[in-house]
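In: Dropping a prediction and its sequence here:
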Amino acid sequence: MAEFDIVIHGGRLIDGTGNPWFYGDVAIKDGKIASIGKISPESGQRAISAKGYVVTPGFIDMHTHSDQPIVADGNAESKVRQGVTLDIIGESQTVAPLEGAILEEYQAEHRKRNGIETDWKTFTGYFNTVMRGGISINVASGVSPQQVKRVVCGFEERPASGAEQEKMNRLVAQAMEEGALGLTAAWHAKGPENPGEVVEMAKVARRYGGYYGVHVGSEGFDIFEELAKTLRIARESRIPIHVYHLKMRAKANWGRVREVVEQIEEARREGLDITANQYPYTAMQHPWRRLFPRWVQDGPANETISQFKSPAFRERVMKDPEFSQYVDEHGGWEGVVAARLDTASLKKFEGMTIAEIAKLREVDPASACFDLIYEEGAFIHGVHHTMNEDDVEAVMRVPWVSIGSDGSALNQKYPGKPHPRSFGTNPRVLGKYTREEKVLTLEDAVRKMTSMPAQVLGLKDRGLLREGYWGDESITYWSTVL
């Protein structure tokens, strides 16, 4: 009888701590690392030669939108092929709690976009659905304080009453008891309008050992106000903070990301536990919904989309200064791309900027944007060219910044022209920024994808090549890394 289930032998081991690589073998038994050192290949039921390869812990993607794609296709091809073994899902919209109007909108959106019938209302229900379908990677989620509030208070943006706050806190507690790792939020410009409510929910998550993962807001002209609210939540709740995709949007702001880093450094010196992640691209991706004023973003989509035909609605949007600000922060009409269109007559515009589409249709860019949303019957998924390469590199050098794709686990037949981060985040860090540009050492690049995310998430058995840890290693071809 073989002593081990698998022996990975002959490779360079990078253990995830940031320490230098070394030659060694890894033995796995019952899914966990049983031994590290010099191990005979014959001692495993299966032997994998890693000669010419680098062996690391499996990569942890700190911020993804894989919640629906892994229900549709649990193979998670775009992640497995990168060496990602754990996706963290959830932001402004999470898989639970789902009740009332929130449930109806969630069901309608994902039935249209992904062909998914939502048959759950809680985290337990969601994870049962995922397990029934089968999945090739691990997945964990946060719970959105925005979604919790909408379940309790509806779509109207107003302060919650005392009784409503208590119900919101109970829903957060339920989510944590069902396995959520913490709060995960995505605010639009200026951050949460009622940060005190988030403080109270954060206190609940903290009692369960959770963290607060946050897309702070516009990440552009209002970023310092947004960061101030994030720091308030950290100070008042004492919850660890993890900032999603740290960046600076809009050409007028390029270079100022260093000021953001310094503010966070100052907060860390104060004793606040704040970390961040980034993706290695100068373009971002999310629905065109974020181009519009907050009163549009906050409304239920099934009521809002039909309004894009109305001249009065269009005029109100055009007169709102937030509209021009948000378009500018997304790269302007020349920077906003239609990444996916499901309406047959519009498919020809996939991959084009709004400026290009407007020219073809012989209308102004704003009208082209409004028309396409109305004709598509949904807020279009877009790629937005709005960041600066020097800023990306500056953020990557910061030791408390890890890697998160902000992408999804997709198969190779995914429709449209999705952002390449879903397929290429980790190879781009290892190739472009490590091998070619020497922004990071190989060992530090691996640390940012393994032990650092595990530390933020509070995982005590992942993120390192260490005996007793789960054996979900990534094996990367040597010449593509060094």
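Out: Yep, it's here.

In: Show me the strands in the stretch 301-450 of the chain, by range?
Out: 336-340, 381-385, 401-403 (DSSP state E, counting those that start in this stretch).

In: closest to residue 40 out of those?
Out: Closest to residue 40 of those, according to C-beta to C-beta: strand 401-403, at 34.9 Å. (Glycine included, C-beta is placed from N, CA and C.)

In: How far off centre is stretch 173-193?
Out: Computed by C-alpha atoms, centre = their mean, to the nearest Å, the chain-centroid distance of stretch 173-193 equals 13 Å.

In: How far does it stretch from one end to the other?
Out: 22 Å (C-alpha to C-alpha, to the nearest Å).

In: Check stretch 289-299 too.
Out: Start and end residues of stretch 289-299 are separated by 10 Å (C-alpha to C-alpha).

In: what's it in contact with?
Out: By C-beta atoms under 8 Å, 6 or more residues apart in numbering, the list of residues contacting stretch 289-299 from outside reads 155, 157, 188-189, 301, 304, 317, 320, 322-323, 326-327, 330, 336, 369, 379.

In: Where does residue 54 fall, secondary structure wise?
Out: strand 53-56 (DSSP states H and E).

In: strand partners of that strand, parallel vs antiparallel please.
Out: According to DSSP bridges, strand 53-56 forms sheet pairs with strand 4-13 (parallel), strand 474-477 (antiparallel).

In: Out of those strands, flag the one nearest residue 40.
Out: strand 4-13 (7.4 Å).

In: The closest one: how far from the chain's middle?
Out: The chain centroid and the centroid of strand 4-13 are separated by 31 Å under C-alpha atoms, centre = their mean.

In: Could you do stretch 313-323 as well?
Out: Worked out by C-alpha atoms, centre = their mean, stretch 313-323 lies 29 Å from the chain centre.

In: same deal with stretch 145-165?
Out: 24 Å.

In: can you pull the buried residues of that stretch?
Out: 145-153, 160, 165 (16 or more other C-beta atoms under 10 Å).

In: Quote the end-to-end distance of it.
Out: Distance across stretch 145-165, first residue to last, is 11 Å (C-alpha to C-alpha).

In: List the contacts of residue 243.
Out: Applying C-beta under 8 Å, 6+ apart, the residues near residue 243 are 214, 216, 230, 264, 274-277.

In: I'd like to know which of those are part of helices.
Out: 230, 264 (DSSP state H).

In: For the contacts of residue 243, which two are the farthest from each other?
Out: Within these, 230 and 277 form the most distant pair, 14.3 Å apart (C-beta to C-beta).

In: those helices in the stretch 51-200 of the chain, which residues are they?
Out: For the stretch 51-200 of the chain, helices defined by DSSP state H, counting those that start in this stretch occupy the ranges 69-72, 77-80, 100-114, 123-133, 145-153, 162-177, 195-207.

In: And for the longest one, what's in contact with it?
Out: Helix 162-177 has contacts (C-beta under 8 Å, 6+ apart) with 96-97, 122-123, 143, 145, 148-149, 151-153, 160, 182-183, 197, 200-201, 204-205, 208, 210.

In: circling back: please produce TSV containing the buried residues of stretch 145-165, extended by pLDDT.
Out: Formatted as TSV, those follow (pLDDT from 0 to 100):
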residue	pLDDT
145	97
146	95
147	96
148	97
149	96
150	93
151	95
152	96
153	94
160	97
165	98
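
In: so how far is stretch 9-21 from its chain's centroid?
Out: 27 Å.

In: circling back to that earlier point, among the contacts of stretch 289-299, pick out the one closest to residue 20, please.
Out: Nearest to residue 20 among those, counting by C-beta to C-beta, is residue 330 at 41.7 Å.

In: is it true that the closest one touches residue 249?
Out: Yes. The criterion here is C-beta atoms under 8 Å, and residue 330 meets it with residue 249 at 7.2 Å.

In: Kindly export the helix or strand hosting residue 26 (C-alpha atoms) in PDB.
Out: Per DSSP H and E: residue 26 is located in strand 22-29. The C-alpha atoms that make up strand 22-29 are tabulated as PDB, following Å, rounded to 0.1, in the frame of the first residue of the first chain:
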ATOM      1  CA  PHE A  22      13.700  25.700  -2.500                       C
ATOM      2  CA  TYR A  23      13.700  22.300  -4.100                       C
ATOM      3  CA  GLY A  24      11.500  19.800  -2.400                       C
ATOM      4  CA  ASP A  25       8.600  17.300  -2.700                       C
ATOM      5  CA  VAL A  26       5.100  17.500  -1.300                       C
ATOM      6  CA  ALA A  27       3.000  14.500  -0.200                       C
ATOM      7  CA  ILE A  28      -0.800  14.700   0.100                       C
ATOM      8  CA  LYS A  29      -3.000  12.300   2.000                       C
END
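
In: Buried residues of that strand, list them for me.
Out: Going by neighbour count (16+ other C-beta under 10 Å), the buried part of strand 22-29 is 24-29.

In: who touches that strand?
Out: Contacts of strand 22-29 (C-beta under 8 Å, 6+ apart): 3-13, 33-39, 41, 43-44, 55, 465, 471, 473.

In: ok, now with 6 Å
Out: 4-9, 13, 34-37, 39, 471 (C-beta atoms under 6 Å, 6 or more residues apart in numbering).

In: Listing partners with orientation, what would you give for it?
Out: Here strand 22-29 is paired, per DSSP bridges, with strand 4-13 (antiparallel), strand 32-37 (antiparallel).

In: Comparing those, which comes out most buried?
Out: strand 4-13 (a mean of 22; mean count of other C-beta atoms under 10 Å).

In: what comes into contact with it?
Out: Taking C-beta under 6 Å, 6+ apart as the rule, strand 4-13 contacts 21-22, 24-29, 34, 39, 41, 43-51, 53-55, 465.

In: Okay, now the unreliable bits of this structure?
Out: 477-482 (pLDDT under 70).
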